[in-house]
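> Test case, fold it:
(chains A and B)
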Amino acid sequence: MPLNNELVQRYKARFGEAIREAWIDRKQAILVVAPEQLLEIAQFSRDDEKFDMLSDLTAVDWPKREKRFDLVLILYSFAKNERLRLKALLGEGEPVTTVEGVWPTANWLERECYDMFGIVFAGHSNLKRLLLPEEWQGFPLRKDYDILQQDEAWVRENLGIESGQ
Amino acid sequence: MPPSDIRGSNVETTVLGADEIILNMGPQHPSTHGVLRVKLFLDGEKVVKSECVIGYLHRGVEKIAEHRSYQQFAPYVDRMDYVAAVSNGLGYCEAVEKLMGVEAPPRARVIRTILTEMQRIASHLFWLGTHALDIGALTPLFYCLREREEILKIFEKYCGARLTTHAFRIGGLQYEAYDELEKDVERFCQGFDKRVDEYEALLTQNRIWVGRTKGIGIISAADAIAMGVTGPVLRASGVEWDLRKAAPYAAYDQYKFKIPTEKTGDTYDRYLVRMEEMRQSRLICLQAIENIPAGPILGKVGKVLKPPPGEVYHAIEAPKGELGYYIVSDGTTQPYRVRIRPPSLINLEALDQMIRGHLVADVVAIIGTLDIVLGEVDR
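Model prediction:
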C-alpha cells in the first residue's frame, strides 16, 4: 500500500526525486531511495528525524532484476519509538557510499554485507570479509551461489576428481 | 642477510614499535566463551586497540533458510544462541506469524511468555556463573547451574529437550502444557528470590568483585546507541529501553514489571541490571501462571505455509538484546531470504571501544559482561 504520511512528506520535501517510492507493508514504513544520495538521507534520518539507531543493515538478491540488490537499512528511533526501513536498489558491482560515519555500527554490518553479497561500500574504513576466511571465493548469499559449489571446487582441486554429490 | 624459511624464500618480517606487542587471545581461550579470537595491540599490559576475528562457528544459517520450508527452518534458530534457544524460537515463530498475518491464540501466548522468561533467567544464570568464574569467583557457578538445572528440567518435561528445545511452532504451540507446569514454575519462583539474594551476598559487596568490575569497560549511553548496542548492556548505560515494553509481543502487555537501569555503564552496573532482570522475570512468571487462559494452543495455520509475498522485520527482547528477524517471502513455501539480527554480534562490535586503555585481565571481564554467545555471533 502506498504511504504518504507526514514523515514521507518531510523526506520528499527535502530530497524530492531521490525518494523513489514509499509504501506500508504490515504496518511497517518502507522508503526506496536513490543510492547516490543514501549518505545524505542517512544523515537526515539520524539528525532531523531522530532515527538514532541502525538496527540492521543487510541485502536481498534478486538476480533477475536489472538492479539485482536491495540494500536494506532498518532504523529505529528511541524518541519516537518507531522503525523505518530504507531501501536502495543496486546493480552488480555498483558501489554505494558507506554510512559508517552516521552510525558506527554499520562498520561490521557493511563488512558482513560485502562478505555475503559482494556489495562494495565506498569509503569504508576496513572493507574485508567478516565471517568467512579471506581466501573464500564468491559471495554465498547471492542466489546464483550454489551451496555445493565450494565443496565441488575443493574436491576437484585436491582430489582431482569430480564430486559425487 | 634476511632470515629464510625451510623452502628458502624470504620470510616476511614485521617490525614492531619498541613498546607495542601483538597478542592473540583465542580462538581457544576459556574466557572467550566459544571460539573468538581477539588480536590485542598492547603497550605493556595496556590495550591500545584490538581487532576481533570471528566466523569460526559460521554455518551459513541464513543460506540454509533459503533451502528449507518455513517449518523446517525453525529448529535451526535454536542453534544460534544455544543457551537461550526458547527466545530464538519465539522470535522466529512470531516473525513468520506476522508475515502471514495470523496470531497465536491467547493460551499459547501466555505459555510462550512463561517459557521465554524462564529461559531469560536460565541465560542470565549461565552468564553470571561463567562471568564470575572468569573473574576468579568459582563458587557462584555451582549455585547458578543448580538453579538453571531446575529450569532445564521444566523444559525437558514440557518438550523433551533441554537446550535446543524447538518449543514453539508457527501459529502457537505443538504441545499442550503438562499438568504440573504451573506448579513447577511456581515452586521454582518461590525459592528463586532467596537464591538471587544468595548470589548477591557472594558478589555485590565483595571487594574483589567490586574492584574487578567497577569502572571497567564503561560505555556511555550515546556511544551505546551509536554502536547499536541493545539489551542489558544498553540499560546499564542508563537508557530505559526494553522491547517488551516498547513494542510488546507475546503476552507482555498483560503483566507488570520494571525495566532495571543503571547510570555509569560499567561492568558492575551491567551485573546489577542482569540481577534485577532475573527478579523481574520471576515476577512475570508468577503473574502469568496465575491465569493461563483456556482454549486452543495452535492458531489457524495450514500444514503448508505459503505467506503472501512481502517482507517483515520482527524483533524481540532476547536475554542478550534485540534479536531481529527480517524475512522476505516470494509467496512460495520457502523463505526467499531470512536475515537474523543477532544481538551478540552487534554488542561484540563495541568491544574494541570498551577495552581500550584497560589491562589484559580486564578484557576477560569485559568479554564476559557483554554476554556473547559465539554460535549467535557467527551463525
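> so which helix or strand takes in residue B:285?
Element membership for residue B:285, per DSSP states H and E: helix B:267-290.
> Measure how far that helix is from the centre of its chain, please.
15 Å (C-alpha atoms, centre = their mean, to the nearest Å).
> Now the residue most central in space within chain A. Nearest residue, chain neighbours left out?
Central residue of chain A (C-alpha atoms, centre = their mean): residue A:71, 2.7 Å from the mean position. In space, and not counting its chain neighbours, residue A:71 is closest to residue A:88: 4.5 Å by C-beta to C-beta, 6 or more residues apart in numbering or on different chains. Bear in mind the C-beta positions are built from the backbone N, C-alpha and C, glycine included.
> Which of the three states applies to the one you found?
Under the three-state scheme (DSSP: H, G, I helix; E, B strand; the rest coil), residue A:88 adopts strand.
> Run through the residues that contact residue B:155.
Contacts here follow C-beta atoms under 8 Å, 6 or more residues apart in numbering or on different chains; on that basis residue B:155 touches B:86, B:115, B:118-119, B:161-162, B:165, B:167.
> So which of those belong to helices?
Counting by DSSP state H, the part of the contacts of residue B:155 found in helices is B:86, B:115, B:118-119.
> Pull the most distant pair out of those.
Across those, no pair lies farther apart than B:86 and B:118, at 7.6 Å, counting by C-beta to C-beta.
> the more surrounded of these two?
residue B:86 (30 against 26; other C-beta atoms under 10 Å in any protein chain shown).
> okay, that one: pLDDT?
Note on residue B:86: pLDDT of 92.
> Quick check: chain neighbours aside, which residue is closest to it?
residue B:119 (3.9 Å).
> So that neighbour sits against residue B:87, correct?
Yes: counting by C-beta atoms under 8 Å, residue B:119 does reach residue B:87; the two are 5.5 Å apart.
> shared neighbours of these two, which are they?
residue B:319.
> give me the number of residues near the residue of the stretch 151-300 of chain B at minimum distance from chain A?
Relative to chain A, the nearest point of the stretch 151-300 of chain B is residue B:228 (3.4 Å; C-beta to the nearest C-beta). Residue B:228: 29 surrounding residues under other C-beta under 10 Å.
> Tell me, what's the model's pLDDT at it?
90.
> which parts of chain B sit against chain A?
Within chain B, the positions adjacent to chain A are B:54-55, B:58, B:60, B:62-63, B:67, B:98-99, B:101, B:225-228, B:239, B:241, B:246-247, B:310-313, B:315, B:322, B:324, B:326, B:328, B:336-337, B:339, B:341, B:345-346, B:349, B:378-379 by C-beta under 8 Å from any C-beta of the partner chain.
> what residues are up against residue A:134?
Counting by C-beta under 8 Å, 6+ apart, residue A:134 touches residue A:128.
> Would you list the phi and psi of it?
phi -60, psi -30 (degrees, to the nearest 10).
> Need the contact partners of stretch B:170-178.
B:70-71, B:74, B:93, B:96-97, B:100, B:102, B:104-105, B:108, B:111-112, B:157-159, B:167-168, B:292, B:296-301, B:305.
> At which residues are the strands of the stretch 151-300 of chain B located?
Secondary structure of the stretch 151-300 of chain B by DSSP state E, counting those that start in this stretch: the strands cover B:168-169, B:172-173.
> List the buried residues of the helix holding residue B:285.
B:267-289 (16 or more other C-beta atoms under 10 Å in any protein chain shown).
> give the contact list for the residue of the stretch 151-300 of chain B closest to chain A.
By C-beta under 8 Å, 6+ apart, the contact list for residue B:228 reads A:53-55, A:103, A:105, B:346, B:349.
> how about 6 Å then?
Contact analysis of residue B:228 by C-beta atoms under 6 Å, 6 or more residues apart in numbering or on different chains lists A:53-54, A:105, B:346.
> from those residues, which is closest to residue B:221?
Lowest distance from residue B:221 to the contacts of residue B:228 (C-beta to C-beta) belongs to residue A:53, with 11.6 Å.
> Around chain B, pick out the residues from chain A.
Residues of chain A lying near chain B by C-beta under 6 Å from any C-beta of the partner chain: A:25-26, A:52-54, A:56, A:58, A:60, A:74, A:81, A:104-105, A:108, A:131, A:140.
> Which pair of the contacts of residue B:155 spans the longest distance?
Farthest pair in these (C-beta to C-beta) is B:118 and B:161. Separation: 13.9 Å.
> so where do the helices sit in chain A?
A:6-15, A:38-47, A:106-117, A:149-159.
> Can you tell me which of the ones you listed is nearest to residue B:196?
Closest to residue B:196 of those, according to C-beta to C-beta: helix A:106-117, at 34.3 Å.
> what's the offset of the closest one from the middle of its chain?
Using C-alpha atoms, centre = their mean, the offset of helix A:106-117 from its chain centre is 8 Å.
> What sits closest to residue 122 if chain neighbours are left out?
Looking at chain A here, since you left the chain open. Distances taken as C-beta to C-beta, 6+ apart put residue A:95 closest to residue A:122, at 4.4 Å, once the chain neighbours are dropped.
> Chain B, not that one
residue B:151 (4.4 Å).
> Tell me how far that neighbour lies from residue A:106.
Using C-beta to C-beta, to the nearest Å, residue B:151 is found at 37 Å from residue A:106.
> ditto for residue B:245
Distance from residue B:245 to residue A:106, by C-beta to C-beta: 27 Å.
> higher neighbour count, these two?
The neighbour comparison of residue B:245 against residue A:106 (other C-beta under 10 Å) goes to residue A:106, with 23 against 15.
> was I right about that one contacting residue A:100?
Yes: in this structure, residue A:106 is within contact of residue A:100 by C-beta atoms under 6 Å, at 4.7 Å.
> joint contacts of the two?
What both residue A:106 and residue A:100 touch, as defined by C-beta under 6 Å, 6+ apart, is an empty set.
> What does the pLDDT read for the residue nearest to the centre of chain A?
For residue A:71, the predicted pLDDT is 92.
> Quick one: residues contacting residue B:61.
The neighbours of residue B:61, taking C-beta under 6 Å, 6+ apart as the test, are B:76, B:379.
> actually residue B:157, not the one I wrote
Going by C-beta under 6 Å, 6+ apart, the list of residues near residue B:157 reads residue B:178.
> For residue B:339, see how far away it is.
Residue B:157 sits 34 Å away from residue B:339, going by C-beta to C-beta.
> and residue B:205, how many neighbours does it have?
Neighbours of residue B:205 (other C-beta under 10 Å): 9.
> Also residue B:91?
A count of neighbours around residue B:91, defined by other C-beta under 10 Å, yields 26.
> chain center to the helix or strand where it lies, what's the gap?
Per DSSP H and E, residue B:91 falls inside helix B:85-100. Centre-to-centre, helix B:85-100 and its host chain are 15 Å apart (C-alpha atoms, centre = their mean).
> tell me what it is packed against?
Packing partners of helix B:85-100 (3 or more C-beta pairs under 6 Å, 6 or more residues apart in numbering or on different chains; DSSP states H and E): helix B:70-78, helix B:106-135, strand B:168-169, strand B:310-318, strand B:321-329.
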